[in-house]
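Need a 3D model of the following:
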Amino acid sequence: MKLATLRVDGSTRAVRLDGDRLVDLGAADLGELLSHDDWAARAAAVDADAATTYPAEGADFAPVVPRPSKVVCVGLNYKNHIQEMGRDLPEYPTLFAKFADCLIGAGDDIARPEETEEFDWEVELAVVIGKEARRAKGAEAEAAIAGFTVLNDITCRDWQFRTREWLQGKMWDSSTPVGPCLVTPDELPGGVRPELEVVLSVDGEVMQRDNTGDLLFDPVALVEYVSTIVRLNPGDVIATGTPGGVGHARTPKRYLTGGERVVAEIQGIGRLENTVAEDGAA
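Residues are numbered from 1 along each chain as shown. You can find the predicted model right below:
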């Protein structure tokens, strides 16, 4: 299934994508839907011909889960990105966090802060949690994965590297597109360890291209690791890291200055298409 949170008349609705229409699932958003243990059965059981539907074309998608209890992000998880940043392969995942206020929808403008001169892109496969998990291992960790979506971990590099901790470069308000859909593992090659092409372009120029099969720490391993530290709740998001091709690692370095169209796409899941808002415009 492909599920999403749709903006409708000033509110939001959880929907299922059926061809060219979006079927209302009777919940305010995917966070509410995922809070039910039987969320998958509920979503599949809704009769499209009897439910409220909306056109898929021109849909205004909110963040897949608008208010997750946590967004855990992984740095340095593709070999080529680790090498371009001049680092050794890590023994453990590098973790940092984002907050719900960082998240925007698949077509929303990215707010470029006036305080940065080094605004960068990072396309990522994101895991959406569908079942509470604590110290989950093996099959339990696999079962906790509701599905996958696309996330663009927009980063203020000059703020990121002010200290050895990255948080201040990663948590800017209204900067992180996520969506448009949650795609359940059964629809993807590789299932809970999907092997999907990942691409990001800026104004039509491809900057990043890789395959999620090259992740050092795959989604199941990340659920195991993160859930050892903190409880994962339905609707929580784990961003699995970005491949090589970020602007900060280029020669010369390239950054987003305002007005660019940034497209982040993952095979079988969908695409984020966002414009970088001029300073002070968002």
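
So this protein: which segments form each domain?
As given by automatic domain parsing, the domain ranges for the chain are 2-55, 71-277.

What about residue 48, how many residues nearby?
14 (other CB atoms under 10 Å). Glycine gets a C-beta too; all of them are placed from N, C-alpha and C.

Could you find the residue nearest the spatial middle of this protein?
residue 151 (2.6 Å; CA atoms, centre = their mean).

Doesn't that one lie inside a strand?
Yes. Counting by DSSP: H, G, I helix; E, B strand; the rest coil, residue 151 is part of a strand.

so what's it up against?
123-126, 176-178, 237, 239, 264, 272 (CB atoms under 8 Å, 6 or more residues apart in numbering).

again, 10 Å this time
63-64, 71, 73, 98, 103, 122-127, 176-179, 237-240, 242, 264, 266, 272 (CB atoms under 10 Å, 6 or more residues apart in numbering).

If the closest residue to it other than its chain neighbours is in a bridge, with which residues?
Spatial nearest neighbour of residue 151, chain neighbours left out: residue 126 (4.0 Å); criterion: CB to CB, 6 or more residues apart in numbering. In this entry, residue 126 is beta-bridged to residue 149, residue 239, by DSSP bridges.

Kindly tell me how buried residue 213 is, as a neighbour count.
Neighbours around residue 213, by other CB under 10 Å: 13.

Tell me which helix or strand in this structure has the weakest average pLDDT.
helix 79-84 (a mean of 76; mean pLDDT, DSSP states H and E).

C-alpha coordinates for that helix, CSV please?
Extracted in CSV, the C-alpha atoms of helix 79-84 (Å, rounded to 0.1, in the frame of the first residue of the first chain):
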residue,chain,number,x,y,z
LYS,A,79,30.6,4.3,1.8
ASN,A,80,31.0,6.9,-0.9
HIS,A,81,29.6,9.8,1.3
ILE,A,82,31.9,8.7,4.1
GLN,A,83,34.9,8.8,1.8
GLU,A,84,34.0,12.2,0.3
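
Can you pull out the residues in contact with that helix?
75-76, 78, 87-90, 94, 122, 208, 210, 214-216, 241-246, 248-250.
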